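>>> need coordinates for the below:
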Amino acid sequence: MRNLILISICCTLVLAARSGVNLEDNTQVYEANLSLQAFNKADKNKDQKLTPEDENGWRQWKKFDSDGDQVIKKAEFLDLFQPEYAPVDADTHRHIVYKRVNGDALHLDLYFPRERSSDPAPLSLYIHGGGWASGSKEHNKNQAELTQGMLDQGIICASLEYRRVRIRSNGEEISTMRDAVIDCFDGLRFLNLHAAQLGIDMERVICWGTSAGGHLSHLVAWSQPDKFIGDPQLAGIQVAPLRGAINNFGPTDFRHEKLFIPDEGINPYGKSDHWAQRVCYVPRPVYDNIDAEHAPLFAEMSPVCQGSPSSPPVLHFHGDRDGVIPVHHAYHLREYAAKQNLDAEVIIMEGAGHGFSDSSKPSKTEVFQRIQDFAATQLSVP
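Presented below is the predicted three-dimensional model:
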């Protein structure tokens with residue numbers, strides 16, 4: 001029986017490749033771009049080398065200084081850099097191109113359960129965090145553990161990259177938070193286009209993520225896809241309503257400054273309007289000067305403004321010691337959902353900051369189990 005199941009998977013993937021889904025190995029090109037992004041981020045003073053003057057970049061990558069001369073040349077860095085992939089036991093296909101923007105490829109990874117029936121399986125889409133301006137679709141240990149739990153339930157898993165926010169100091173918007181939302185919807189459109197060949201049941205899909213990825217997952221679940229059209233080649237592909245979303249410590253509303261100011265005793269991450277600058281370019285201070293032109297965009301990027309009584313369920317976890325995205329966002333969601341009859345469950349992780357914690361209440365183990373239960377319930381997994 002095991003052999004028949006594995007044969008079925010192989011046949012599905014061969015059919016996918018023949019039907020236009022490019023499952024070829026794009027690792028070399030993708031990792032070259034990833035290494036270049038890592039170097040540019042670390043090279044604070046933009047002198048094409050890393051030295052102690054680059055501060056955080058140097059501390060992160062000084063292990064590459066093999067000769068101890070306090071200099072890491074760009075070519076040396078690019079040669080030594082290797083992305084880390086947390087292990088997941090799955091039939092894995094990495095770096096699949098789902099769209100191109102101005103010639104630049106955007107990728108997603110697909111993880112198929114080792115054993116599955118020939119029936120279409122539900123999908124869990126992971127959207128990465130990183131302040132909307134950094135991060136990658138590659139799993140860390142926590143994300144790999146959650147992905148593995150879903151795979152073990154027979155759920156196909158995907159991980160998607162999107163355009164990072166790039167707004168220059170002169171106000172030029174190269175890519176915005178809204179572009180990231182468009183890319184997430186285009187990833188779903190791509191998967192829907194090839195769902196039959198890949199064996200995915202696109203009527204049973206959830207999104208989940210952490211921080212910025214949690215926000216994007218929440219926004220995708222509660223927004224209307226036709227408001228976020230991107231790639232013309234995917235524009236005609238419908239996106240069915242999601243079955244749910246999991247927002248782990250992501251923001252829920254960009255309209256109110258008070259939500260971004262942590263309680264006394266919790267160190268804040270930058271100015272209170274720091275993250276608002278990722279929505280679009282507006283002169284500081286944002287909340288005092290927001291004008292009629294930009295106000296609709298701030299609402300559009302706020303999940304609570306997009307929800308309706310018919311929106312799918314959202315599960316939201318938040319640490320009460322979070323200084324990056326204060327826990328006020330979780331309480332705000334709970335109150336707003338109750339008033340507007342929205343399906344949102346909020347769980348406060350006592351003692352946790354901006355992330356999961358073994359010592360929080362509930363603990364990381366308990367939170368992860370709740371996430372797995374939510375996925376199974378919403379995706380109708382036996």
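
>>> run a quick neighbour tally on Pro241.
As a burial measure, Pro241 scores 14 neighbours (other Cβ atoms under 10 Å). (Glycine included, C-beta is placed from N, CA and C.)

>>> and Leu36, by the same measure?
14.

>>> now it: closest residue in space, sequence neighbours ignored.
With Cβ to Cβ, 6 or more residues apart in numbering as the criterion, Leu36 has its nearest non-adjacent residue at 6.7 Å, and that residue is Leu78.

>>> does that neighbour count as helix, strand or coil?
Secondary structure assignment for Leu78 (DSSP: H, G, I helix; E, B strand; the rest coil): helix.

>>> helices of the stretch 251-382 of the chain, start to end?
For the stretch 251-382 of the chain, the helices defined by DSSP state H, counting those that start in this stretch cover 286-289, 295-300, 303-306, 328-340, 364-378.

>>> what distance separates the fourth one from the middle of the whole chain?
Which is helix 328-340. Helix 328-340 sits 22 Å away from the centroid of its parent chain (Cα atoms, centre = their mean, to the nearest Å).

>>> same thing with the second one?
For helix 295-300, the gap between its own C-alpha mean and the chain's C-alpha mean amounts to 21 Å (Cα atoms, centre = their mean).

>>> what's that helix in contact with?
The list of residues contacting helix 295-300 from outside it, by Cβ atoms under 8 Å, 6 or more residues apart in numbering, reads 178, 223, 227, 254-255, 276, 279-280, 290, 305-306.

>>> do the same with the fourth one
Residues lying outside helix 328-340 but in contact with it, judged by Cβ under 8 Å, 6+ apart, are 250-253, 256, 258-262, 303-304, 307-309, 314, 316-318, 342-344, 346, 348.

>>> could you list the low-confidence segments of the stretch 251-382 of the chain?
Along the stretch 251-382 of the chain, segments meeting pLDDT under 70 span 284-285, 288.

>>> which among the contacts of helix 328-340 count as buried?
Buried by 16 or more other Cβ atoms under 10 Å: 250-253, 259-260, 262, 303-304, 307, 314, 316-318, 342-344, 346, 348, out of these.

>>> follow-up on the earlier one: so the residue nearest to Leu36 sits against Ala38, correct?
No - assessed by Cβ atoms under 8 Å, Leu78 is found out of contact with Ala38, at 9.0 Å.

>>> more neighbours: the two, which one.
Between Leu78 and Ala38, counting by other Cβ under 10 Å, Ala38 is the more crowded of the two (19 against 14).

>>> was I right to think Leu219 contacts Val181?
Yes - Leu219 is within contact range of Val181, at 5.8 Å (criterion: Cβ under 8 Å).

>>> what do these two both touch?
Common contacts of Leu219 and Val181 (Cβ under 8 Å, 6+ apart): Met301.

>>> ok, these two, which is more surrounded?
Leu219 (30 against 23).

>>> if I pick the more buried one, what's in contact with it?
181, 301, 303, 306.

>>> and it, what element?
Secondary structure from DSSP states H and E places Leu219 in helix 212-222.

>>> out of the contacts of helix 328-340, which sit inside strands?
Mapping the contacts of helix 328-340 onto strands (DSSP state E) picks out 314, 316-318, 344, 346, 348.

>>> for the helix or strand where Arg178 lies, packing partners?
Assigned by DSSP H and E, Arg178 falls within helix 177-193. Counting contacts by 3 or more Cβ pairs under 8 Å, 6 or more residues apart in numbering; DSSP states H and E, helix 177-193 is packed against strand 91-101, strand 104-112, strand 121-127, strand 156-160, strand 200-210, helix 212-222.
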